[in-house]
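> with the sequence up front, the predicted model follows.
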Amino acid sequence: MYFFLCNLSVLDLGLASISTPKLLANLWGQSKVISLGGCMSQIFFYHFLGSTECLLYTVMAFDRYVAICHPLRYLIIMNWRVCAILAAGTWVTSSFHATILTSLTFTLPYCGPNVIDYYFCDIFPVVKLACADTRIIETVTFTNTGVVTMTCFFLILVSYVRIVYSILKINSAKGRRKAASTCSSHLTVVTLFFGPCAIIYTQPQLSKVLVTAIQISTNVATPMLNPVIYTLRNEEVQGALRKLRGGQMIAL
């Protein structure tokens with residue numbers, strides 16, 4: 001799990017760095033210009049890191065499934081070789097996903113205005129500026145992104161159905177609480193990741209202002225919350241916080 005959390009930390013750092021620095025520069029300065037290379041980089045890394053994080057959450061759900069449903073075989077099934085292959089597979093698969101979408105976006109001819117009606121470069125705001133038929137890229141983007149997201153969500157859902165079934169079979173209440181606590185952090189970050197996606201794509205009548213606010217919170221707030229969520233589940237951190245709180249009470 002800590003190996004996958006290391007990958008998640010790198011992803012969160014990358015996701016927060018895609019649009020936040022440029023957004024702050026736009027708010028602080030007078031110039032709101034981005035180069036073509038910078039725009040291409042934003043699109044590529046946004047879909048590359050976003051897809052990788054989606055796949056990584058799925059791998060982490062499988063890890064929790066093996067830990068709870070097959071605890072005696074956990075170290076055999078989730079050995080270092082398997083973990084490395086699963087982690088590398090998420091990065092490599094997502095790189096192909098992002099390369100295809102970015103290539104299709106910038107092979108279109110752009111001969112009109114160059115003002116993007118969004119706070120960072122994404123596929124749909126950019127292709128609106130193209131002076132050609134954009135139905136192919138829009139269809140490919142919807143299909144590609146939708147298949148990845150829904151497949152990951154379905155696999156995570158199946159994993160947790162099996163996990164809940166296994167937890168309910170545990171006789172002791174203490175054992176059930178311990179097993180459930182190992183999944184609470186992962187379930188929380190999965191909700192933070194898929195929740196905004198569900199709101200945006202299932203409620204097309206939402207205003208652009210609200211969608212932008214949700215998108216900013218997803219790109220900025222969620223990467224900051226993930227380390228806090230996992231850190232507070234660590235027993236050593238909890239013990240240190242209790243000691244700190246006890247020392248403050250004694251001092252008062």
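Thanks, I have the structure now.

> which parts of the stretch 151-252 of the chain are strands?
Counting by DSSP state E, counting those that start in this stretch, the stretch 151-252 of the chain has no strands at all.

> the helices in it, which residues?
Ranges of helices in the stretch 151-252 of the chain, per DSSP state H, counting those that start in this stretch, are 173-202, 208-232, 235-251.

> how about the stretch 1-150 of the chain?
So, for the stretch 1-150 of the chain - with DSSP H, counting those that start in this stretch - the helices run 2-28, 36-69, 74-77, 80-106, 123-127, 135-168.

> now the ones you listed as JSON lines including distance to residue 209 and mean neighbour count?
C-beta here means a position set from N, CA and C on the backbone, and glycine is covered the same way. Listed next are the helices of the stretch 1-150 of the chain as JSON lines, based on distance: least, Cβ to Cβ, whole Å; neighbours: other Cβ atoms under 10 Å:
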{"stretch": "helix 2-28", "distance to residue 209": "15", "mean neighbour count": "15"}
{"stretch": "helix 36-69", "distance to residue 209": "20", "mean neighbour count": "20"}
{"stretch": "helix 74-77", "distance to residue 209": "47", "mean neighbour count": "12"}
{"stretch": "helix 80-106", "distance to residue 209": "25", "mean neighbour count": "16"}
{"stretch": "helix 123-127", "distance to residue 209": "15", "mean neighbour count": "18"}
{"stretch": "helix 135-168", "distance to residue 209": "23", "mean neighbour count": "15"}
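
> adding mean pLDDT, write those helices out as JSON lines.
Output for the helices of the stretch 1-150 of the chain, formatted as JSON lines (pLDDT from 0 to 100):
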{"stretch": "helix 2-28", "mean pLDDT": "88"}
{"stretch": "helix 36-69", "mean pLDDT": "93"}
{"stretch": "helix 74-77", "mean pLDDT": "92"}
{"stretch": "helix 80-106", "mean pLDDT": "94"}
{"stretch": "helix 123-127", "mean pLDDT": "87"}
{"stretch": "helix 135-168", "mean pLDDT": "88"}
